[in-house]
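Asker: need a 3D model of the following:
(chains A and B)
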Number of protein chains: 2
Amino acid sequence: MDAFHSIALLYPEIKELLRDRNYTLLKQVMRDSNPIEFADCWKRFDEDERLQIFRLLPARSALKLFEILDIGDQQYLLSRLGEESITPLLENVSSPELVKVFHKMSPRQVNKMKSLIKRQEAVSHINLMMKFPERTVGSLMHPEFVKLEPRMTARQVLQLMQAIVKPGQKEHLYGLFVTDGEGKVLGSITLQDLLAAPEDETLAVIMSSVEGIKLTPDGGQDAAARLFSKYNLTTAPVVDTEGRLLGILTAKDIISVVRQEATEDIAKMVGTRAVEIDERSVFRIVGFRMPWLVVTLVAGVFISVIIRAFEPVLSRIIALASFSPILAGMGGNVGSQSATIVVRSLALGQINGHRKGRTIFREMRVGFLLGLIYGVLIGIIAYVIYGDRYHLVFSVVVGVSMCVSMTTAATMGAIGPIVLDRMGADPATATAPMITTLTDILTILTYFSLATLLLMAL
Amino acid sequence: MDAFHSIALLYPEIKELLRDRNYTLLKQVMRDSNPIEFADCWKRFDEDERLQIFRLLPARSALKLFEILDIGDQQYLLSRLGEESITPLLENVSSPELVKVFHKMSPRQVNKMKSLIKRQEAVSHINLMMKFPERTVGSLMHPEFVKLEPRMTARQVLQLMQAIVKPGQKEHLYGLFVTDGEGKVLGSITLQDLLAAPEDETLAVIMSSVEGIKLTPDGGQDAAARLFSKYNLTTAPVVDTEGRLLGILTAKDIISVVRQEATEDIAKMVGTRAVEIDERSVFRIVGFRMPWLVVTLVAGVFISVIIRAFEPVLSRIIALASFSPILAGMGGNVGSQSATIVVRSLALGQINGHRKGRTIFREMRVGFLLGLIYGVLIGIIAYVIYGDRYHLVFSVVVGVSMCVSMTTAATMGAIGPIVLDRMGADPATATAPMITTLTDILTILTYFSLATLLLMAL
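Answerer: Here you go, the predicted model:
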């Protein structure tokens, strides 16, 4: 196994062999190589070379490579390879992996793919999974499982499995579920439990409860991730409304989901999309970012109109202009902090029911306390800089505005995502631009109104 | 199993039984209840009640409950329960779970806990894991595994496992690793492979390569998460510098890690900490947020000093003040977008080597293109609002400043995290406050300098 060739090191040689179409030598290199290494430098080969490499790889390596490639690469291979290369892939790649690619293909392409799968059961599994939209438990689950009944003994199950499991097959044995005659889930066992149990013990005795860990196929993948994380699960059963087993979800499938969900939440919070990470076209990236920047622009124009209305006070006390950026900046930052914490708490399922009000109240107090501290500070700084030119009231206006700005920013930062969530929208939607923009408007209004009220009266 | 009592529904009754010390009835309720449900309403019981409940639960339920409780609750139970309740926990809770709690306890407490563990092997496992800091692979791995040699046959391994595995024991059988005489990992097999193989086949033939999926104990948990996600792993071997097997990392342990890492990144980006989510003390939250707000404050004071220096131009063209918030706001937003995308790409391991320069250049072009679009727009708007009062040059100043601001913001948003990363710091550190603050300074400088240059010259 240590005799594996390093593809990264052999890259120039492989390129050359491909150019020379020296397939005998190439096949030999492929046979002794680790498919994982091809995945690492896959993007360095051009599309034609990728097809050639894939065709030359031994079947097992090709399968392994396919499963770790990006979805775009998978789609390319499926659409360009010949039937003789595709059929073994379609028959051996795990169903959730296939369904993910199928969701990106046209119905015509999908039908063509399905027609190449010989096992009718596999086709009906894929049909079942395709009924559920992307990002649902149903499209992620493994629909293949071994049917086990409560009366079976540990020995019988082991023998059954030895009989039906073939090398490299995709049944999911780390989690086994016991069902009744109608297919309703009664409990779970692990292979470990099975080996540990006395040989004549029945599953009814060995199995553990699955109460609280059953998933429904139309549930979101994020809720599934929460369940796996909370109960430290390795597998969970997916059941229909009658409680009948439809498939199995495994921990390893959840890891990518969690990473992807987090990335999407993060991107959404700043008003863009996660796909940006893999996007090379600057124009498309600009397209993702445009919409929320338009909102910022409209709000900004509104702010400039507000400031225009305050020109009388501004022209008398020109120094007012020099503190508006710091007020808006501090408010924006604390608002983003509150919003971010609340969005993430919602995503983690930490805020529910009566905790919503408590969360908003907590953020309000945090904002007020920070506003108090920084309000006093900025008031003193304003007095140091402008104390000789303006009345003490100027410093008070700056300080009070800071406190009001930070308090409202933190409060809105908490209310915004909670309201979005209650409306059934994604709480992460453009949190940052929305909160900073709203804060800007409120800060400017408070600041100049206070200044007009107090300073013009002097 | 469907006869389980619902703890949430029985909550008032359980409270009453606890008050009346009706232990006979309580024990009966506990015996028929699902420990998962206790975890769900654990916080609703007071600390004393929690101890009572825990003591009354059947051993297996207590163990299950303990494993899904928060780390704080686990610590409380370990520090308050008597030896007779702790010992079964210490002997049966999985090592990574124990080590996590031990890291929160004083060395004296940890030593006391270790002295209660009878199996010397378990103590040495914990000692090994405690050598690695929190958040490393070494502190997360399962140090228990079955020693398998390449000459063993499938049948021998199955028999060996039936002999050594006891119900509820914590060996990790979903992933089995084959080692040589010195303990060096040679390959991996799954129980599935074992059942599928002919009974007399040796492990040397059945096993798969582990090249590229070996982890080191001092590696970070985030790198491990990347590996699991990339290769869709269920388990990975943890090896020392000589390649000897130290333990096993499993997919289910990684899920919580990924969620936690994402939360920490998100919190860090806005200049606060993930622990805020569970924090109730407003004062402590204020403490988390203070430091980066101080940076914003200092920068803000700097900005106000800059604006003060530009008072001559500002007093002549008072309308300049009305556009500074929109310029800073748009720059800040696009800068946060770029920074967020780059931070997340770095966290996902998507940016390395030569892709760094390309990423910065891409963000620069995105910023420029957006700046061009919104610069023209804001220029037109400025002309519509102030065209009657000021020269056309005023609109040009506003438009050009917008373009410069958005270009530099996007570029800095990419450079910032990449530089932090190269310096070995966490690229997520306070991304949002840093970028918005820097953008504010540069925007104001460009804007007023341009205004002075062009408008004062008129």
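
Asker: when you work out contacts or count neighbours from here on, use the C-alpha atoms and nothing else.
Answerer: Noted.

Asker: the helices in the stretch 151-300 of chain A, which residues?
Answerer: A:154-164, A:191-196, A:203-206, A:221-231, A:251-269, A:282-309 (DSSP state H, counting those that start in this stretch).

Asker: residues in contact with residue A:139?
Answerer: Residues counted as contacts of residue A:139 (CA atoms under 8 Å, 6 or more residues apart in numbering or on different chains) are A:96, A:99-100, A:129-133, A:217.

Asker: actually residue A:282, not the one I typed
Answerer: Neighbours of residue A:282 in contact, by CA under 8 Å, 6+ apart: B:362, B:365-366.

Asker: pick out whichever of those sits closest to chain A.
Answerer: Within those, the smallest distance to chain A is 5.6 Å, found for residue B:366 (CA to the nearest CA).

Asker: which helix or strand contains the closest one?
Answerer: helix B:355-386 (DSSP states H and E).

Asker: which elements pack onto the helix or strand bottoming out on mean pLDDT in chain A?
Answerer: Every helix and strand of chain A was ranked by mean pLDDT, DSSP states H and E. The lowest is helix A:35-40, at a mean of 79. Other helices and strands packing on helix A:35-40, by 3 or more CA pairs under 8 Å, 6 or more residues apart in numbering or on different chains; DSSP states H and E, are helix A:7-19, helix A:59-68.

Asker: just the angle between the shortest one and helix B:221-231, please?
Answerer: In other words, helix A:59-68. Helix A:59-68 and helix B:221-231 meet at an angle of 120 degrees, taking axes from the mean of the first three to the mean of the last three CA atoms, to 10 degrees as the criterion.

Asker: what mean pLDDT does helix A:59-68 get?
Answerer: For helix A:59-68, mean pLDDT is 86.

Asker: right, and the helix or strand after that helix?
Answerer: Next element after helix A:59-68 (DSSP H and E): helix A:71-80.

Asker: close to chain B, is that next one?
Answerer: No: for helix A:71-80 and chain B, the contact criterion (CA under 8 Å from any CA of the partner chain) is not met; the two come no nearer than 12.0 Å.

Asker: give me the contacts around that helix.
Answerer: Under CA under 8 Å, 6+ apart, the answer for helix A:71-80 is A:51, A:66, A:86, A:100-101, A:104-105, A:109.

Asker: pull the distance from that helix to the chain's centre.
Answerer: On the basis of CA atoms, centre = their mean, to the nearest Å, helix A:71-80 sits 22 Å off its chain's mean C-alpha point.

Asker: run the angle between that helix and helix A:59-68 for me.
Answerer: Using the same axes, to 10 degrees: helix A:71-80 against helix A:59-68 is 130 degrees.

Asker: and helix A:71-80, what's buried?
Answerer: A:71, A:73-75, A:77-78 (16 or more other CA atoms under 10 Å in any protein chain shown).

Asker: rewinding a little: which of the contacts of helix A:71-80 sit farthest apart?
Answerer: With distances taken as CA to CA, the most widely separated pair in the contacts of helix A:71-80 is A:51 and A:100, at 20.8 Å.

Asker: more neighbours: those two, which one.
Answerer: residue A:100 (19 against 15; other CA atoms under 10 Å in any protein chain shown).

Asker: what sits closest to the residue most central in space within chain A if chain neighbours are left out?
Answerer: Chain A has residue A:261 as the residue nearest its centroid, 1.0 Å off, counting by CA atoms, centre = their mean. Spatial nearest neighbour of residue A:261, chain neighbours left out: residue A:222 (7.2 Å); criterion: CA to CA, 6 or more residues apart in numbering or on different chains.

Asker: any idea how many residues pack against residue A:349?
Answerer: Residues near residue A:349, counting by other CA under 10 Å: 13.

Asker: then residue A:338?
Answerer: 32.

Asker: now swap in the one 10 residues further on and tell me
Answerer: Using other CA under 10 Å, residue A:348 has 19 neighbouring residues.

Asker: one more: residue A:317?
Answerer: 18.

Asker: ok, residue A:360 next?
Answerer: Using other CA under 10 Å as the criterion, the residues surrounding residue A:360 number 21.

Asker: these two touch, right, it and residue A:415?
Answerer: Yes: the criterion here is CA atoms under 8 Å, and residue A:360 meets it with residue A:415 at 6.3 Å.

Asker: buried members of the contacts of helix A:71-80 into ChimeraX, please.
Answerer: To isolate the buried ones among the contacts of helix A:71-80 in ChimeraX, judged by 16+ other CA under 10 Å, type:
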select /A:66,86,100,101
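
Asker: redo the contacts of helix A:71-80 as JSON lines? Include secondary structure.
Answerer: What follows is those, written out as JSON lines (DSSP: H, G, I helix; E, B strand; the rest coil):
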{"residue": "A:51", "secondary structure": "helix"}
{"residue": "A:66", "secondary structure": "helix"}
{"residue": "A:86", "secondary structure": "helix"}
{"residue": "A:100", "secondary structure": "helix"}
{"residue": "A:101", "secondary structure": "helix"}
{"residue": "A:104", "secondary structure": "coil"}
{"residue": "A:105", "secondary structure": "coil"}
{"residue": "A:109", "secondary structure": "helix"}
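
Asker: point out where the stretch 1-150 of chain A drops to low pLDDT.
Answerer: A:1-6 (pLDDT under 70).
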